[in-house]
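Engineer: What follows is a predicted protein model with its sequence.
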Amino acid sequence: MTNTTRYRPSLLHQLHRLSQEWDQLFEPNYPEDNSLVETSHWAPCVDIKEEPERFILYADIPGVDPHDIEIAMENGVLTIKGERTSAKKEERGGYTRIERSTGSFYRRFALPDTADPDRVTAEGKHGVLEVIIPKREKMKSKKIKVAMKRD
C-alpha cells in the first residue's frame, strides 16, 4: 500500500497571514494585503507590472477553465475569482504526493485612480491569466474664472 501525502494549502495561507501580522506589528505603515480571503481554498501567485499606459496582472492558474474565472472591477478594486476542479481520481494512480490544489480562489487588488475600469481585458495562455488594465488619459487642468457677484 502506498502512503499519499496531501499538500495542505491552508497551512501555507496561515503562514502568509502570520507573516503579514508580524510585519504590521513592527511596521505600522505596512499596507495590508487583502487580496487573500479566508474562504479561498488556494491562492494563485500574481505579478503586477506597471507600464506608462497600463497595468498588467499575471496570475498563475494552470488547470482552470476560463469559463470558471470571474473578473470584476468596482470602486478601484479588481477581483479575480474562480475554481479549479480536480479530475476524477484514479484509484490505481499510484500517487505518492499530491500538491496541486483544487477548489475556489479569490484575490482582490486595489488599483490607483488612474486605472480605467471600462477598458479592462483578460486572456489566458499556457496556464497564465493576463489581465490588462489601461490607464485613463490624464485630465487637463481647467482654469475657472471667478465672476463678480452683483447685488
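Structural biologist: Done, it's in.
Engineer: What segments of this protein are helices?
Structural biologist: 9-26 (DSSP state H).
Engineer: residue ranges with poor pLDDT in it?
Structural biologist: 1-14, 16-17, 19-40, 87-93, 95, 98 (pLDDT under 70).
Engineer: ranges for the strands of it?
Structural biologist: Assigned by DSSP state E, the chain shows strands spanning 5-6, 46-50, 54-60, 69-74, 77-84, 97-98, 103-110, 121-125, 128-134.
Engineer: For these, please prepare a markdown table with the additional fields distance to Leu15 and mean neighbour count.
Structural biologist: Yep, even glycine has a C-beta here, placed from its N, CA and C like the rest. As requested, these are exported to a markdown table (distance: least, Cβ to Cβ, whole Å; neighbours: other Cβ atoms under 10 Å):
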| stretch | distance to Leu15 | mean neighbour count |
| --- | --- | --- |
| strand 5-6 | 17 | 10 |
| strand 46-50 | 18 | 12 |
| strand 54-60 | 19 | 18 |
| strand 69-74 | 26 | 14 |
| strand 77-84 | 21 | 18 |
| strand 97-98 | 19 | 12 |
| strand 103-110 | 17 | 18 |
| strand 121-125 | 28 | 12 |
| strand 128-134 | 24 | 18 |
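Engineer: Pro117 versus Ile80, what's the distance?
Structural biologist: As judged by Cβ to Cβ, to the nearest Å, Ile80 and Pro117 stand 14 Å apart.
Engineer: swap in Ile71?
Structural biologist: From Ile71 to Pro117 the distance is 11 Å (Cβ to Cβ).
Engineer: One more: Val46?
Structural biologist: Separation of Val46 from Pro117 (Cβ to Cβ) stands at 18 Å.
Engineer: got it, and Arg107?
Structural biologist: 17 Å.
Engineer: If anything else comes up later, I'll come back, but that's it for now.
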